[in-house]
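>>> need coordinates for the below:
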Amino acid sequence: MADQKIKKIIIVGAGPSGLILAILLAQSDIPVLLLDAALVPNDNPRAAHYAPSSVRELRRCGVLAEVQQEGFIPEGVCWRKPDGEVLGGIKSDPSNPDSMVCLPLDRLILILLRRLGELANAELRWGWNVVGVKGTEEGDREASVTAVVKGGEKVVEKADYVVGCDGANSSIRKCLFGDSYPGETLSSQIIATNVFYDFHRFQYWDSQFIIHPTDWYMAAKITPSGLWRVTYGDIPGLTTEQYLERQEMRFEQILPGHPKKGEYRVVNRSPYKLQQRCVGQMRKGRVLLAADAAHLCNPFGGMGLTGGIADISTLFDCLLAIHTSLTTDAILDKYSEVRIKKWKEVIDPSSRANFRRIWDEEEGVRREREEYLERCRTMESNVELRKVIFASTYMLDEDMTPYFTKPTS
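Residues are numbered from 1 along each chain as shown. Modelled structure (predicted):
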């Protein structure tokens with residue numbers, strides 16, 4: 001049998017996806033070099049909710065117990081009118097071992113970094129700005145990256161494969177495809193905030209979407225200490241400074257209790273546009289893309305983070321199968337095909353529907369919303385429907401073993 005063992009993999013990007021992939025590989029005796037352009041870990045809380053399929057990967061990394069200890073299991077998610085009336089909701093099942101867990105990404109990253117540090121065949125280098133990549137041609141026997149390090153020195157590192165997990169502005173993707181990132185920027189203007197405010201005083205669940213054509217928003221508790229993520233919309237066409245100036249007025253307009261400045265404490269504020277994008281291929285020779293480096297979607301419903309970790313799950317299974325001679329590296333073409341199909345058929349349409357459901361009053365959307373909320377109400381007493389809905393959270397996963405092709409002698 002031909003020797004398929006992988007001697008080294010370079011991962012670019014020490015965010016959650018890059019760290020999870022590095023841990024899974026290193027645990028399986030595949031040497032990993034993890035590179036990140038930043039000098040320190042990202043301390044922005046960002047996303048915080050990990051769906052059941054992502055929880056399984058945290059368990060595979062050996063960090064789930066610590067994540068659950070530092071975070072919490074949210075009680076569920078509901079949809080409300082601006083006056084607080086609950087229109088429908090989905091309660092969590094704490095007895096489910098894969099039940100959703102909540103912990104801000106900056107704290108998850110610290111846990112993953114500690115776990116990575118326990119593994120002898122994993123190395124992490126901060127301050128390595130990758131500016132070039134090779135190994136993109138069919139038949140190439142190795143891959144390499146060129147990185148600019150301290151003092152402007154250029155350094156080349158070689159490996160069997162290079163994986164770009166370096167986010168929406170991925171240097172690896174730009175090395176492969178230039179500025180091309182197929183898709184669109186949605187017209188809606190979003191402002192994401194992290195704020196200490198007692199939403200539970202108004203009988204709010206741990207997560208909810210408020211439905212309204214202009215005053216829609218999402219409010220979700222993200223730490224046990226009471227930090228909440230509030231993401232709301234505003235009129236388009238203003239400057240960043242103008243959106244930040246309007247934040248106090250918007251909070252008083254839309255939040256329960258109509259709080260004034262001083263009745264809450266804002267920790268972060270960030271205006272941004274929503275993106276729906278996906279590359280045409282996630283493999284080029286010995287260079288691969290995953291997570292935000294390969295596809296983007298709006299954050300409503302958590303499909304971006306969940307989809308990125310699902311990429312990592314699939315890619316790890318493929319690389320481990322190559323390493324253990326269960327298949328050839330042709331499986332990586334199937335990885336690209338499967339993950340792009342998941343984005344097109346699940347992530348993109350689901351995330352768009354999740355977003356439109358909270359503000360769009362077009363007749364078809366209103367009808368879909370009421371049908372969706374009716375299913376949520378039915379779930380409260382229908383155990384079988386609840387099981388079906390929870391099982392659907394694994395729809396982003398893919399069993400790759402049917403695609404394995406045994407290496408020849």
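
>>> show me the shaky parts of the chain.
Across the chain, residues meeting the criterion (pLDDT under 70) sit at 1-3, 409.

>>> what's the longest helix in it?
Determined from DSSP state H, the single longest helix within the chain is helix 303-323.

>>> restricting to C-alpha, output that one in PDB.
Provided in PDB are the C-alpha atoms of helix 303-323 (Å, rounded to 0.1, in the frame of the first residue of the first chain):
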ATOM      1  CA  MET A 303     -25.400  29.500  10.600                       C
ATOM      2  CA  GLY A 304     -22.000  31.200  10.000                       C
ATOM      3  CA  LEU A 305     -20.200  29.800  13.000                       C
ATOM      4  CA  THR A 306     -22.100  26.500  12.900                       C
ATOM      5  CA  GLY A 307     -21.300  26.100   9.200                       C
ATOM      6  CA  GLY A 308     -17.600  26.900   9.700                       C
ATOM      7  CA  ILE A 309     -17.200  24.300  12.400                       C
ATOM      8  CA  ALA A 310     -19.100  21.800  10.200                       C
ATOM      9  CA  ASP A 311     -16.400  22.500   7.500                       C
ATOM     10  CA  ILE A 312     -13.700  21.700  10.000                       C
ATOM     11  CA  SER A 313     -15.500  18.500  11.100                       C
ATOM     12  CA  THR A 314     -15.700  17.300   7.500                       C
ATOM     13  CA  LEU A 315     -12.200  18.400   6.600                       C
ATOM     14  CA  PHE A 316     -10.600  16.700   9.600                       C
ATOM     15  CA  ASP A 317     -12.400  13.400   8.800                       C
ATOM     16  CA  CYS A 318     -11.000  13.600   5.200                       C
ATOM     17  CA  LEU A 319      -7.400  14.400   6.300                       C
ATOM     18  CA  LEU A 320      -7.400  11.700   8.900                       C
ATOM     19  CA  ALA A 321      -8.700   9.200   6.400                       C
ATOM     20  CA  ILE A 322      -5.800  10.200   4.000                       C
ATOM     21  CA  HIS A 323      -3.300   9.900   6.900                       C
END
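
>>> any idea which helix or strand comes after that helix?
helix 331-342 (DSSP states H and E).

>>> what does the helix or strand just after that following helix contact?
Using DSSP H and E, the helix or strand that follows helix 331-342 in sequence is helix 348-356. Helix 348-356 has contacts (Cβ atoms under 8 Å, 6 or more residues apart in numbering) with 186, 188, 274, 276, 278, 297-298, 300-301, 303-304, 365, 368. (C-beta placed from N, C-alpha, C; glycine too.)

>>> again with stretch 175-186
The contact list for stretch 175-186, computed with Cβ under 8 Å, 6+ apart, reads 130-133, 136, 164, 173, 273-280, 284, 287, 289, 296, 298, 355.

>>> return the set of buried residues in it.
175-177, 181 (16 or more other Cβ atoms under 10 Å).

>>> same thing with stretch 21-40?
Buried, per 16+ other Cβ under 10 Å, within stretch 21-40: 21-27, 30-37.

>>> what's the angle between the helix or strand that contains residue 274 and helix 348-356?
Using DSSP H and E, residue 274 sits in strand 265-278. Here strand 265-278 points in a direction 140 degrees away from that of helix 348-356 (axes from the mean of the first three to the mean of the last three Cα atoms, to 10 degrees).

>>> so how far is stretch 249-260 from its chain's centroid?
29 Å (Cα atoms, centre = their mean, to the nearest Å).
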